[in-house]
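Asker: curious how this folds, go ahead:
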Amino acid sequence: MNWLAVIVAAVVAWLFGAAWYMGLSKPWLKATRLDPATMSKSPLPFVISFVADIVMALVMSLIVAAMTGGEPSLVAGLVFGFVLWFGFVATTLSVNHRYQGFDWDLTINDCGHWLGVLLIIGAVIGWFGAADVAG
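Answerer: Numbers count the residues shown, from 1 in each chain. The predicted model follows:
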């Protein structure tokens, strides 16, 4: 496991998510029907987001290494990031948001975020390599 790639991918993905939702906070709040005045100010969601990014980077590293025979590339990482997003994230959010009664604007916003996250993680893993060359 290339732990440097995993950590860098998680940090960059987490920072992307922070920028994404800061930039789109008003439409996201409207789509979620949340009132900022009544929302919790706990740091816990940010910690959970970072842990989730680490888990996704770990899994992406395993998938990229297995599917490329240990010869990852930037393109392979991007392709796997997109395929995993399309096959699991976009479909899951589309289903969940329909059952929860949310409009498509929330799905598009959240799917855009997770697409960026998985492309970033895939690109970093593919670029750095999935296996630790020193270990």
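
Asker: spit out the contact partners of the nearest residue to residue 6 once chain neighbours are set aside.
Answerer: Spatial nearest neighbour of residue 6, excluding adjacent residues (C-beta to C-beta, 6 or more residues apart in numbering): residue 57 at 4.4 Å. In this view, the C-beta of every residue, glycine as well, is placed from N, C-alpha and C. Residue 57 makes contacts with 5-7, 9-10, 13, 121, 124-125, as judged by C-beta atoms under 8 Å, 6 or more residues apart in numbering.

Asker: tell me which of these is nearest to residue 106?
Answerer: Distance to residue 106 across these (C-beta to C-beta) is lowest for residue 13, with 20.3 Å.

Asker: quick check: which element contains residue 17?
Answerer: Taking DSSP states H and E as the definition, residue 17 sits inside helix 3-23.

Asker: next up, the contacts around residue 54.
Answerer: Residues near residue 54 by C-beta under 8 Å, 6+ apart: 6-7, 10.

Asker: give me the buried subset of those residues.
Answerer: By neighbour count, with 16 or more other C-beta atoms under 10 Å, those hold 6, 10 as buried.

Asker: dump the contacts of residue 54 to TSV, plus distance to residue 80 and pLDDT.
Answerer: What follows is the contacts of residue 54, written out as TSV (distance: C-beta to C-beta, whole Å; pLDDT from 0 to 100):
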residue	distance to residue 80	pLDDT
6	15	96
7	19	97
10	16	98
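
Asker: quick one, helices of this structure?
Answerer: 3-23, 25-32, 44-68, 74-84, 91-99, 104-128 (DSSP state H).

Asker: which elements pack onto the helix holding residue 17?
Answerer: Contacts defined by 3 or more C-beta pairs under 8 Å, 6 or more residues apart in numbering; DSSP states H and E place helix 3-23 against helix 44-68, helix 104-128.

Asker: with mean pLDDT and distance to residue 98 added, can I get the ones you listed in JSON lines?
Answerer: As requested, the helices and strands packed on helix 3-23 are exported to JSON lines (pLDDT from 0 to 100; distance: least, C-beta to C-beta, whole Å):
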{"stretch": "helix 44-68", "mean pLDDT": "95", "distance to residue 98": "23"}
{"stretch": "helix 104-128", "mean pLDDT": "97", "distance to residue 98": "8"}
